[in-house]
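Colleague: any chance you could fold what I've pasted below:
(one chain, ligands or ions: 1)
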Amino acid sequence: MNRAMMMSAAKNLLTRYGSTKNNIYRCMSTGKLTTVDVNEKSGVAVLTMNRLPVNGLNLELLRDIRNDIDEIEGNKCRGLILTSASSSVFSAGLDIMEMYKPNQDRLKEFWTTLQDTWLALYGSSVPTAAAINGHSPAGGCLLATSCEYRVMLPKFTIGLNETKLGIVAPKWFMATFCNVLPRRVAEMALTQGKMFSSEEALKVGLVDELAQSKEEAIEKCQQFFATFAKTNPFARAMTKQQFRSKDLQQLEDEKAQDLEAFLFFVNQPSVQKGLGIYLDSLKAKTK
Ligand SMILES: CC/C=C\C/C=C\CCCC/C=C/C(=O)SCCNC(=O)CCNC(=O)[C@H](O)C(C)(C)COP(=O)(O)OP(=O)(O)OC[C@H]1O[C@@H](n2cnc3c(N)ncnc32)[C@H](O)[C@@H]1OP(=O)(O)O
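Modeller: Numbers count the residues shown, from 1 in each chain. As a prediction, this is how the structure comes out:
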């Protein structure tokens with residue numbers, strides 16, 4: 001984060017917390033594929049992804065999540081908990097249909113919106129946590145690891161499985177993973193495309209706690225936010241943003257090249273072939 005960005009972030013935060021210390025605001029859901037419910041007492045917003053069956057991250061869902069994050073920030077919420085309306089899938093990651101035989105204009109818009117959603121979530125000044133109430137591969141894992149804290153239900157899986165699909169996780173996916181896991185564990189898991197069970201994820205630190213139900217997971221996320229009760233929100237947010245500034249700045253600087261690399265990679269005939277085979281294998285499962 002450069003000096004100008006830092007000053008602007010500081011100004012935003014001062015405006016937000018300066019005069020509103022004791023007020024609680026209600027956030028409104030902006031999208032059709034998400035809902036946002038605010039606990040009026042705690043001021044914590046629960047952002048629920050609701051694109052069933054698997055919360056595949058298509059352009060519209062990403063837009064809704066992005067707009068919700070902006071609204072939650074703007075409405076001075078005290079925390080953001082990301083979760084899913086499905087009882088078995090947090091998010092299946094990027095909707096592969098967006099990348100398979102794509103319309104090129106939409107493909108550009110899709111990737112740019114993913115970049116912006118990540119910048120907004122990873123760099124959010126509001127405390128963030130994920131209540132991971134289902135499987136969370138690839139882009140689902142990216143969303144969860146972009147948050148500051150993770151509580152997961154048992155018997156699901158989470159990880160960056162891109163190498164198993166013949167694709168490469170972009171640098172900022174990897175940086176997000178490395179912000180959570182020891183570097184050695186992250187490198188092994190990334191190269192293997194490893195999906196961790198909930199129990200394994202807890203053991204390596206990919207998630208912070210397990211919970212037996214979604215309600216319990218949300219409660220544990222709220223308890224995490226309560227650990228900031230005696231901290232100054234401005235100092236807290238600036239510390240988080242400075243801690244993450246290298247990763248954020250890198251994507252800000254390389255956004256155009258990252259988009260170009262994505263477009264080039266996705267349009268390779270061998271990648272298209274691989275995506276088609278993978279989609280068929282997913283569909284064959286349900287027959
Ligand atoms: C130098 C490099 C520069 C740039 C890099 C370039 C490019 C690439 C980077 C891209 C990074 C990619 C990130 C991703 O997120 S890719 C997506 C990865 N996701 C997965 O592999 C998950 C696949 N899904 C599953 O494993 C299971 O669906 C899941 C989540 C465990 C749930 O299982 P279940 O409840 O049994 O549900 P089904 O499998 O029956 O699925 C129901 C239905 O949904 C369809 N579906 C599932 N996942 C996806 C998906 N990700 N995209 C699109 N569609 C999906 C599935 O086919 C079923 O469809 P149907 O029509 O049969 O009902």
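Colleague: after the least confident helix or strand in the chain by mean pLDDT, which helix or strand is next?
Modeller: Across the helices and strands of the chain, mean confidence by mean pLDDT, DSSP states H and E is lowest for helix 3-18: a mean of 48. Where DSSP states H and E defines the elements, the next helix or strand beyond helix 3-18 is strand 34-38.
Colleague: near the ligand at all, the helix or strand just after that next one?
Modeller: Remark: after strand 34-38, the chain's next helix or strand is strand 44-49, criterion DSSP H and E. No - using C-beta under 6 Å from any ligand atom, strand 44-49 stays clear of the ligand, coming no nearer than 12.6 Å. The C-beta positions use only the backbone N, C-alpha and C, and glycine is treated the same way.
Colleague: elements contacting strand 44-49?
Modeller: strand 34-38, helix 59-74, strand 79-84, helix 214-226 (3 or more C-beta pairs under 8 Å, 6 or more residues apart in numbering; DSSP states H and E).
Colleague: buried residues, the first one. List them.
Modeller: Pointing back at strand 34-38 there. Buried positions in strand 34-38, judged by neighbour count with 16 or more other C-beta atoms under 10 Å: 34-36, 38.
Colleague: what parts of the stretch 1-150 of the chain come near the ligand?
Modeller: Taking C-beta under 6 Å from any ligand atom as the contact definition, the stretch 1-150 of the chain meets the ligand at 53-54, 56, 88-89, 92-97, 135, 137-139.
Colleague: mind giving me the PyMOL command for buried ones among those?
Modeller: Buried members of those, defined by 16+ other C-beta under 10 Å, are picked up in PyMOL with:
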select buried, resi 54+56+89+92+93+94+95+96+135+137+138+139
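Colleague: coming back round to it: can you tell me which of the buried residues of strand 34-38 is nearest the ligand?
Modeller: Thr34 (17.6 Å; C-beta to the nearest ligand atom).
Colleague: bridging residues for the closest one?
Modeller: Under the criterion DSSP bridges, Thr34 forms beta bridges with Met49.
Colleague: over to Glu209?
Modeller: Beta-bridge partners of Glu209, as defined by DSSP bridges: Val151.
Colleague: flag every buried residue along the helix or strand where Ala237 lies.
Modeller: Here Ala237, judged by DSSP H and E, is contained in helix 233-243. Within helix 233-243, the residues that count as buried by 16+ other C-beta under 10 Å are 233-234, 237-238, 240-241.
Colleague: any low-confidence regions in the chain?
Modeller: 1-31, 286-287 (pLDDT under 70).
Colleague: if we go to 90?
Modeller: 1-31, 76, 165-166, 285-287 (pLDDT under 90).
Colleague: what's in contact with the longest helix seen in it?
Modeller: Counting by DSSP state H, the longest helix found in the chain is helix 245-266. Outside helix 245-266, the residues that touch it by C-beta atoms under 8 Å, 6 or more residues apart in numbering are 1-2, 99, 102, 104, 107-108, 111-112, 115, 118-119, 122-123, 167-168, 170-172, 175-176, 179, 241, 271-272.
Colleague: angle of it against helix 233-243?
Modeller: 50 degrees (axes from the mean of the first three to the mean of the last three C-alpha atoms, to 10 degrees).
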